[in-house]
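Trainee: sequence-free structure coming up:
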């Protein structure tokens, strides 16, 4: 179980294995936009074990945060074909802990992960609050049924690098490959310039 404060009314909310329950008072009934959603403590969770995912140096890693089993299996297969070492986030608490304790090349997050909604996704809220130097090191792809694939304006508004509509899963490998190459080429130039300027 994980306890967080409602970003609007500061009422404690308990997140269990499935679903969210309001405690200590009434819910304010209003959801904040994802960019201001509550802080999730990466140290919290039902177990006190650190979520360390190990991979050899130079191996691309992916944190896959998808709840629907058929979609999860399909995406895991696509990512393994792309030579990614895939790690699964089982719920919000484990996903946030994994993000806090590991370095991933790619985070693939379903907007409905662990009972979340497009307007209230705690993992997305946590990613949006990461420091920029940490955020630039990873590529965040959001699976969204409400937006078309590669909608850059929606991706920018949600603080992710790319949106992938589940209807395009057959082409996911090609789309992800191209987007990842463009992203890391851009940030390679950016890092080189930062290094030159000291």
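Mentor: On my side now, so go ahead. Predicted, not measured: the structure shown is a model, and the values here were computed from it.

Trainee: Okay, helices next: where are they in the chain?
Mentor: Secondary structure of the chain by DSSP state H: the helices cover 69-81, 92-101, 122-128, 132-135, 152-158, 172-196.

Trainee: now these in a markdown table, with distance to residue 143?
Mentor: (Each C-beta comes from the backbone N, C-alpha and C, glycine too.) Putting the helices of the chain into a markdown table (distance: least, Cβ to Cβ, whole Å) gives the following:
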| stretch | distance to residue 143 |
| --- | --- |
| helix 69-81 | 8 |
| helix 92-101 | 14 |
| helix 122-128 | 11 |
| helix 132-135 | 19 |
| helix 152-158 | 12 |
| helix 172-196 | 9 |
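
Trainee: And those helices: which comes nearest residue 164?
Mentor: helix 172-196 (6.1 Å; Cβ to Cβ).

Trainee: State the mean pLDDT of that closest one.
Mentor: When pLDDT is averaged along helix 172-196, the result is 89.

Trainee: For it, which helices and strands make contact with it?
Mentor: Here helix 172-196 is seen to pack against helix 69-81, strand 139-143, strand 162-164 when contacts are counted using 3 or more Cβ pairs under 8 Å, 6 or more residues apart in numbering; DSSP states H and E.

Trainee: Tell me which of those sits nearest to residue 98.
Mentor: strand 139-143 (13.6 Å).

Trainee: That closest one pairs with which strands, parallel or anti?
Mentor: Taking DSSP bridges as the criterion, strand 139-143 forms sheet pairs with strand 106-110 (parallel), strand 162-164 (parallel).

Trainee: Please work out which helix or strand belonging to the chain has the smallest mean pLDDT.
Mentor: When the helices and strands of the chain are compared on mean pLDDT, DSSP states H and E, strand 20-22 comes out lowest with a mean of 49.

Trainee: one step back: could you export the helices and strands packed on helix 172-196 to JSON lines, including columns for mean neighbour count, mean pLDDT and distance to residue 176?
Mentor: Rendered in JSON lines, the data for the helices and strands packed on helix 172-196 read as follows (neighbours: other Cβ atoms under 10 Å; pLDDT from 0 to 100; distance: least, Cβ to Cβ, whole Å):
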{"stretch": "helix 69-81", "mean neighbour count": "15", "mean pLDDT": "95", "distance to residue 176": "8"}
{"stretch": "strand 139-143", "mean neighbour count": "24", "mean pLDDT": "96", "distance to residue 176": "7"}
{"stretch": "strand 162-164", "mean neighbour count": "24", "mean pLDDT": "96", "distance to residue 176": "7"}
